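S.K.: When you get a sec, could you give me coordinates for this:
(chains A, B, C and D)
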Protein chains: 2
Amino acid sequence: MPYTYEYPRPSVTVDCIIFAFDRENKDIKVLLIQRLADPYKDCWALPGGFVDMDENLKTAAMRELEEETGLRDIFLEQLYTFGAPNRDPRGRVISVAYYALIPLHKAQVPVAASDAKQVKWYSTKQLPDLAFDHDQILAIGLQRLKGKVRYQPIGFELLNEKFALSELRDLYETILEKEIEKRNFRKKILSMNVLKELEEYQQGVPHRAARLYQFDKENYERLVNEGFSFEI
Amino acid sequence: MPYTYEYPRPSVTVDCIIFAFDRENKDIKVLLIQRLADPYKDCWALPGGFVDMDENLKTAAMRELEEETGLRDIFLEQLYTFGAPNRDPRGRVISVAYYALIPLHKAQVPVAASDAKQVKWYSTKQLPDLAFDHDQILAIGLQRLKGKVRYQPIGFELLNEKFALSELRDLYETILEKEIEKRNFRKKILSMNVLKELEEYQQGVPHRAARLYQFDKENYERLVNEGFSFEI
DNA sequence: TCAAAAGTGTTTCTGCTACACCCATGC
DNA sequence: GCATGGGTGTAGCAGAAACACTTTTGA
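M.R.: Numbers count the residues shown, from 1 in each chain, chains lettered A, B, ... in the order given. Modelled structure (predicted):
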């Protein structure tokens, strides 16, 4: 390895914000772990940990997520990098934060995996005290979610692959924190041509079963190439 | 310093993308430096360098920018963090990229500052070969600029504090790569109430002088608090 | 007086908003 | 048969798009 520098180096970690949509309570939830070790032993925190020397940042995030929560094959997207000199009592630690949107049931009863004492969904409206600067990281994550959901079709990631339009509407109402008129929402989203109408219906609901839809990724990408831009 | 870990650590650098708008050529330019030392000696690269142990990431970016280009007091915004294990021949180097938008004249004749052989504006359409993965970083930066300019009033940062509406329109046409009808643009931007109409006019133009405007930040922020959302 | 860009008004059309009722289903 | 949410049509309005001419100024 030529040209090697020998300056002192910071440590680098990754942290993961896993968001889910709780339709019943019209709430956005986040997956937190209870730390096994100091610093902040027993404190709630975002899942995360140190990056190995030969591993991609996103790979590190996925590894830590699985080690601490059992979740795997989650699509993570980079959020922001936090590097205030005193954000970690162990010394200079720079953390690259990732976030993901998943359907709640995918980790409905998250097992405390090997590297965490407990794993639990928390409402983003009622958070416990968090370790490090994780409250700030989470705030930035929520802000990103709210900002992005209007202009990019990422909301679907929070639902099952097949969903009813009323679920989608509830989701947008929750994230955007405002009411959306039923008929207009339906017209708008259907007129975008990014949903596949399925010949399937809800099961076991105590009322008329709604038709199910699926996000049509291929068509969405085709439309984007033609200059279309998604907007709610 | 309790709980200190002694895992091997990556190095951390910052890189800066400085964008400017070249109205004459309807072009977006980027400020590059020619490297003084190996690796990639003499190669063109984004200004940047190693983060000190007790310095904020953004502070590091500002320091490196000044050392290599002489530019100071520039408003930098974090773009993305690049950490592929082999992106740097010196070993594991993770780079946090920042970007800024500045009026071209602010660094029109950039002096080669102490830490770079040369400093030069390049058209983003005709880039030289770049060091490391700086071509990818720049591509992400351009993508962010294009995506963000429509929904956030950041375009003004590329103009002088006082500008004519035709300059603003040229800017949007350049970034969005499409023509914008003059009358409709004028109506739209003025109806947003985010511009202060000045009692000043262009000087020394060989035709009727246009009225100058200024971005009204206070009013913009007030409007945002009331639920307004900027969109071109 | 010419060249070059500034500045302006109206019509058309599209898409958003607002609104109320019937339908299908499970219990 | 009733409670619950699913599903639909239309009228009015606001804002986007399309369009051409007059004004001002410096050279």
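
S.K.: Mean confidence (pLDDT) on stretch A:131-142, please.
M.R.: Stretch A:131-142 shows a mean pLDDT of 98.

S.K.: could you check whether it is close to chain B?
M.R.: No - judged by C-beta under 8 Å from any C-beta of the partner chain, stretch A:131-142 makes no contact with chain B; its nearest approach is 10.4 Å. Heads up, the C-betas are built off the backbone N, CA and C, glycines and all.

S.K.: Stretch A:24-44 too?
M.R.: Yes - interface with chain B: stretch A:24-44 contributes A:38-39 (C-beta under 8 Å from any C-beta).

S.K.: and that stretch, which residues are buried?
M.R.: A:27-35, A:40, A:43-44 (16 or more other C-beta atoms under 10 Å in any protein chain shown).

S.K.: Which part of chain A gets nearest to DNA strand C, residue-wise?
M.R.: Taking C-beta to the nearest atom of the strand, DNA strand C has its nearest neighbour within chain A at A:R208, 3.2 Å off.

S.K.: returning to that earlier point: a markdown table please, covering the buried residues of stretch A:24-44 and showing distance to B:D216, pLDDT and secondary structure.
M.R.: Output for these, formatted as a markdown table (distance: C-beta to C-beta, whole Å; pLDDT from 0 to 100; DSSP: H, G, I helix; E, B strand; the rest coil):
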| residue | distance to B:D216 | pLDDT | secondary structure |
| --- | --- | --- | --- |
| A:D27 | 37 | 97 | strand |
| A:I28 | 34 | 98 | strand |
| A:K29 | 39 | 97 | strand |
| A:V30 | 37 | 98 | strand |
| A:L31 | 42 | 97 | strand |
| A:L32 | 41 | 96 | strand |
| A:I33 | 46 | 96 | strand |
| A:Q34 | 48 | 95 | strand |
| A:R35 | 47 | 96 | coil |
| A:Y40 | 44 | 97 | coil |
| A:C43 | 44 | 97 | coil |
| A:W44 | 43 | 98 | strand |
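
S.K.: what's the burial count for the residue of chain A closest to DNA strand C?
M.R.: If you count neighbours by other C-beta atoms under 10 Å in any protein chain shown, A:R208 ends up with 7.

S.K.: Among the buried residues of stretch A:24-44, which one sits closest to A:E64?
M.R.: Checking those against A:E64 with C-beta to C-beta, the nearest one is A:I33 at 9.9 Å.

S.K.: what's that closest one in contact with, if anything?
M.R.: By C-beta atoms under 8 Å, 6 or more residues apart in numbering or on different chains, the residues touching A:I33 are A:44-47, A:68-69, A:112, A:115-120.

S.K.: Break chain A down into its structural domains.
M.R.: As recorded under automatic domain parsing, the domains making up chain A are A:11-148, A:162-225.

S.K.: Out of the ones you listed, which is closest to B:L104?
M.R.: Per C-beta to C-beta, nearest to B:L104 of the domains of chain A: domain A:11-148, 28.8 Å.

S.K.: What separates the first and last residues of the closest one, distance-wise?
M.R.: Criterion C-alpha to C-alpha, to the nearest Å; first-to-last residue distance in domain A:11-148 is 30 Å.

S.K.: what does stretch A:47-62 give?
M.R.: 10 Å.

S.K.: cool, stretch A:76-96 as well?
M.R.: 12 Å.

S.K.: Now do the buried residues in it.
M.R.: Within stretch A:76-96, the residues that count as buried by 16+ other C-beta under 10 Å are A:76, A:78-85, A:87-88, A:91-96.

S.K.: Which members of these are positioned in strands?
M.R.: The strands, defined by DSSP state E, take in A:78-82, A:93-96 from those.

S.K.: which stretches of chain A form strands?
M.R.: With DSSP E as the criterion, chain A has strands at A:11-22, A:27-34, A:44-45, A:48-50, A:77-82, A:93-102, A:118-123, A:162-164, A:195-201, A:211-215.

S.K.: what angle do the second one and strand A:11-22 make?
M.R.: It stands for strand A:27-34. Strand A:27-34 and strand A:11-22 are oriented at 140 degrees to each other (axes from the mean of the first three to the mean of the last three C-alpha atoms, to 10 degrees).

S.K.: Neighbours of A:E231, how many?
M.R.: A:E231, neighbours per other C-beta under 10 Å, totals 12.

S.K.: what's the spacing between the residue nearest to it when sequence neighbours are not counted and DNA strand D?
M.R.: Leaving out its chain neighbours, the residue that sits closest to A:E231 by C-beta to C-beta, 6 or more residues apart in numbering or on different chains is A:Y151, at 5.8 Å. A:Y151 sits 16 Å away from DNA strand D, going by C-beta to the nearest atom of the strand, to the nearest Å.

S.K.: Farthest-apart pair in the buried residues of stretch A:24-44, please.
M.R.: A:D27 and A:Y40 (25.5 Å).

S.K.: follow-up on the earlier one: can you redo the strands of chain A as a markdown table with distance to B:V14?
M.R.: A markdown table is the format used below for the strands of chain A (distance: least, C-beta to C-beta, whole Å):
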| stretch | distance to B:V14 |
| --- | --- |
| strand A:11-22 | 13 |
| strand A:27-34 | 29 |
| strand A:44-45 | 26 |
| strand A:48-50 | 21 |
| strand A:77-82 | 10 |
| strand A:93-102 | 11 |
| strand A:118-123 | 33 |
| strand A:162-164 | 42 |
| strand A:195-201 | 42 |
| strand A:211-215 | 37 |
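
S.K.: From A:E64, how far off is the closest residue to A:R186 other than its chain neighbours?
M.R.: Distances taken as C-beta to C-beta, 6+ apart put A:L165 closest to A:R186, at 5.7 Å, once the chain neighbours are dropped. According to C-beta to C-beta, to the nearest Å, A:L165 stands 36 Å off from A:E64.

S.K.: Neighbour count for the two, which is higher?
M.R.: For A:L165 versus A:E64, the count of surrounding residues by other C-beta under 10 Å is larger for A:E64: 23 against 17.

S.K.: Quick check: beta-bridge partners of the nearest residue to that one once chain neighbours are set aside?
M.R.: Of all residues beyond its chain neighbours, the one nearest A:E64 is A:G49 (4.2 Å), with distances taken as C-beta to C-beta, 6+ apart. Beta-bridge partners of A:G49, counted by DSSP bridges, are A:V14.
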